[in-house]
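Asker: pasting the sequence and the predicted coordinates here, then a few questions.
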Number of protein chains: 2
Amino acid sequence: MSGPKYAIIARDLKEKINKGIYSPGELIPSENELAGLYKVSRMTVRRSLSLLNNEGYTYSVPGKGYYVCEPQQHKYELSYNEASMPGIVPEATKLLDVNIVNSTKQLRLELQIDNEIKLIRIKRLFCSAKNPVAYDIKYIPYKRGEPIIEKEIRFANFPELVAQRNSLFTVNKELRIYCEKAKPEILELLQLGKEMPVVVIKQKFFDSSNKPLGLGFTYINPLRFSIQAYSFK
Amino acid sequence: MSGPKYAIIARDLKEKINKGIYSPGELIPSENELAGLYKVSRMTVRRSLSLLNNEGYTYSVPGKGYYVCEPQQHKYELSYNEASMPGIVPEATKLLDVNIVNSTKQLRLELQIDNEIKLIRIKRLFCSAKNPVAYDIKYIPYKRGEPIIEKEIRFANFPELVAQRNSLFTVNKELRIYCEKAKPEILELLQLGKEMPVVVIKQKFFDSSNKPLGLGFTYINPLRFSIQAYSFK
DNA sequence: TAGTGGTCTAGACCACTAG
DNA sequence: TAGTGGTCTAGACCACTAG
């Protein structure tokens, strides 16, 4: 019963949806009706309702009203940073290689670039105190004359590297997690037997017009891999 | 230059943040200043600013103003439904077992229940047209006298099963993805060799007061596993 | 035509910040 | 004390819906 009016009304309406008094697909009372019921101005009701809309309880249709949503059952929020996975010791990170390389056909396809564009390729090995945990390789289209500062690259994470040229607020990111039988050299770096698959986390970044900005693969010792996700709010 | 005033102002402010005209940690002009600059009422400016706040561009401190946020680099949105993973044919789902079982020590710990509480245990095998893809096991605390309808259970997903007693809007969900060397019986069901690790997706559901409502493990053939996640908006 | 949500205003009062 | 964001109001006009 405490807090501002708009919050009390929002709490009350959410409770009614949770109890099934208003069910998915149904209309809840109109803004004007609610303003009357709660004895507040229409703007205050609108504020409550925009909270419900933002939190996925309702959606509004002009001329009709506010409908109760079907609950989002399968959405989770995930936090991933390749450079700070559980067990990794930042100081033990090995920068294996930084180079300007030619693109391959696959990379040109992924990054949507022409033949003549070269790539900055960064290879790193993330380690725990004693053992290798993940092998990481990143590709970023190279712009001529751009300086490459090894010290920065060693500790920078992928978003930071890409953001040197783009606002991080506008970068769209895509993550794919899967397993595969890796090439022998990767298995060797991770000290894994021939039969073992590795977990691969593929990261792809895009600018606001969906032009690819960078591509990364992290190959993880499967028995060291773990990632967590949570429902919203 | 189109759309309502509040959207135009929000777009303009976001652009200024993207361009670095306003940088993370800095204050942007106050509501009153902006109202003057854009020649609109303070309420319209507030509407623009609440958009920026919601989208993670800014946060506001009463008495001080609106600060530009550090960009969220590592957040992704993930959609996961064990019953509709890529490659799985719903009709090929095998309901291996539904039973009321005693809890084990580990399950009592996970589900925070007493000795005498029994569990509904559901074992399923998700298959492609030809092969097993994932073995799935769920535990839900059993309430005496509750009917168990096999047909419903076979096709229901975990959120739906739990939601029979709780509003899906209020259920908090937790997902953990990792690899492990599975027990022989699981490897056999998935037709995997002894050396292969499996991907495990552990799901845990909680009510609004964080009391566990259900626990599930999905053991996936690693070479059939794939999951995608995207940055917000 | 009556009702719905969407946009916008000009004004009020509040608690909080910081000189 | 002047300025900040937070809350709330009563009213206006709009496009859209549906009888």
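Answerer: Sure thing, it's come through.
Asker: beta-bridge partners for A:E77, please?
Answerer: For A:E77, the beta-bridge partners are A:Y230, B:E77 (DSSP bridges).
Asker: which residues sit in contact with A:V68?
Answerer: Under the criterion of CB atoms under 8 Å, 6 or more residues apart in numbering or on different chains, the neighbours of A:V68 are A:17, A:22-28, A:57-58. Bear in mind the C-beta positions are built from the backbone N, C-alpha and C, glycine included.
Asker: TSV for those, including pLDDT, secondary structure and distance to DNA strand C?
Answerer: As requested, the contacts of A:V68 are arranged in TSV below (pLDDT from 0 to 100; DSSP: H, G, I helix; E, B strand; the rest coil; distance: CB to the nearest atom of the strand, whole Å):
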residue	pLDDT	secondary structure	distance to DNA strand C
A:I17	96	helix	15
A:Y22	96	coil	12
A:S23	95	coil	16
A:P24	95	coil	16
A:G25	96	coil	15
A:E26	97	coil	12
A:L27	97	strand	7
A:I28	98	coil	7
A:Y57	97	coil	14
A:T58	98	strand	9
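Asker: mind listing the strands for chain A?
Answerer: A:58-61, A:65-68, A:75-79, A:94-102, A:118-127, A:132-141, A:172-180, A:198-206, A:212-220, A:226-230 (DSSP state E).
Asker: buried set for the first one?
Answerer: By that I understand strand A:58-61. Neighbour-count burial for strand A:58-61, counted by 16 or more other CB atoms under 10 Å in any protein chain shown, picks out A:58, A:60.
Asker: adjacent strands (with direction) for it?
Answerer: Using DSSP bridges, the strands paired with strand A:58-61 are strand A:65-68 (antiparallel).
Asker: redo the strands of chain A as TSV? Include distance to B:Q203.
Answerer: Formatted as TSV, the strands of chain A follow (distance: least, CB to CB, whole Å):
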stretch	distance to B:Q203
strand A:58-61	27
strand A:65-68	25
strand A:75-79	10
strand A:94-102	36
strand A:118-127	27
strand A:132-141	25
strand A:172-180	16
strand A:198-206	19
strand A:212-220	21
strand A:226-230	10
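Asker: and of those strands, who's closest to B:K64?
Answerer: strand A:75-79 (28.2 Å; CB to CB).
Asker: and that closest one, what's buried?
Answerer: Neighbour counts over strand A:75-79 (16+ other CB under 10 Å) mark A:76-78 as buried.
Asker: now those residues as a markdown table including pLDDT and distance to B:K194?
Answerer: Formatted as a markdown table, the buried residues of strand A:75-79 follow (pLDDT from 0 to 100; distance: CB to CB, whole Å):
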| residue | pLDDT | distance to B:K194 |
| --- | --- | --- |
| A:Y76 | 96 | 32 |
| A:E77 | 95 | 36 |
| A:L78 | 96 | 32 |
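Asker: do you know how far A:T218 is from A:S167?
Answerer: Separation of A:T218 from A:S167 (CB to CB, to the nearest Å) stands at 24 Å.
Asker: domain parsing of chain A, as residue ranges.
Answerer: A:5-68, A:77-230 (automatic domain parsing).
Asker: can you tell which of those domains is closest to B:V200?
Answerer: Closest to B:V200 of the domains of chain A is domain A:77-230 (CB to CB; 9.7 Å).
Asker: the closest one: end-to-end distance?
Answerer: Length of domain A:77-230, first residue to last, CA to CA, to the nearest Å: 5 Å.
Asker: returning to that earlier point: who's more crowded, A:T218 and A:S167?
Answerer: Neighbours were counted for A:T218 and for A:S167 using other CB atoms under 10 Å in any protein chain shown; A:T218 has more, 25 against 16.
Asker: test my guess that the more buried one contacts A:V133.
Answerer: No. In this structure A:T218 lies outside contact range of A:V133 using CB atoms under 8 Å: 9.8 Å.
Asker: overlap in contacts of the two?
Answerer: Residues touching both A:T218 and A:V133 (CB under 8 Å, 6+ apart) are A:F126.
Asker: how much space separates A:F206 from A:K118?
Answerer: With CB to CB as the criterion, A:F206 and A:K118 are 20 Å apart.
Asker: same deal with A:T104?
Answerer: A:T104 sits 12 Å away from A:K118, going by CB to CB.
Asker: so those two - more neighbours on which side?
Answerer: Set A:T104 next to A:K118 and count neighbours by other CB under 10 Å: A:K118 wins out with 15 against 11.
Asker: can you tell me the closest non-neighbouring residue to the more buried one?
Answerer: Closest residue in space to A:K118, ignoring its immediate chain neighbours: A:Y142 at 4.6 Å, by CB to CB, 6 or more residues apart in numbering or on different chains.
Asker: tally of neighbours for the one you found?
Answerer: Neighbour count for A:Y142, taken as other CB under 10 Å: 18.
Asker: residues of chain A that sit close to DNA strand D?
Answerer: Residues of chain A lying close to DNA strand D (CB under 7 Å from any atom of the strand) are A:4-7, A:39-44, A:47, A:61-64.
Asker: how about A:G25, phi and psi?
Answerer: Main-chain dihedrals, A:G25, degrees, to the nearest 10: phi 90, psi -20.
Asker: who are the contact partners of the residue nearest in space to the middle of chain A?
Answerer: By CA atoms, centre = their mean, the mean C-alpha position of chain A lies nearest to A:K173, the distance being 5.9 Å. By CB under 8 Å, 6+ apart, the contact list for A:K173 reads A:159, A:203-206, B:76, B:230-231.
Asker: ok, now with 6 Å
Answerer: A:K173 makes contact with A:205, B:231 under the criterion CB atoms under 6 Å, 6 or more residues apart in numbering or on different chains.
Asker: partners of it in the sheet?
Answerer: A:F205.
Asker: ok, now A:A134?
Answerer: Bridge pairing for A:A134 - DSSP bridges - gives A:F126, A:I220.
Asker: chain B contacts on chain A?
Answerer: Counting by CB under 6 Å from any CB of the partner chain, chain A comes close to chain B at A:18, A:71, A:73-76, A:78-81, A:159, A:167-170, A:172-179, A:195, A:197, A:222-223, A:225-231.
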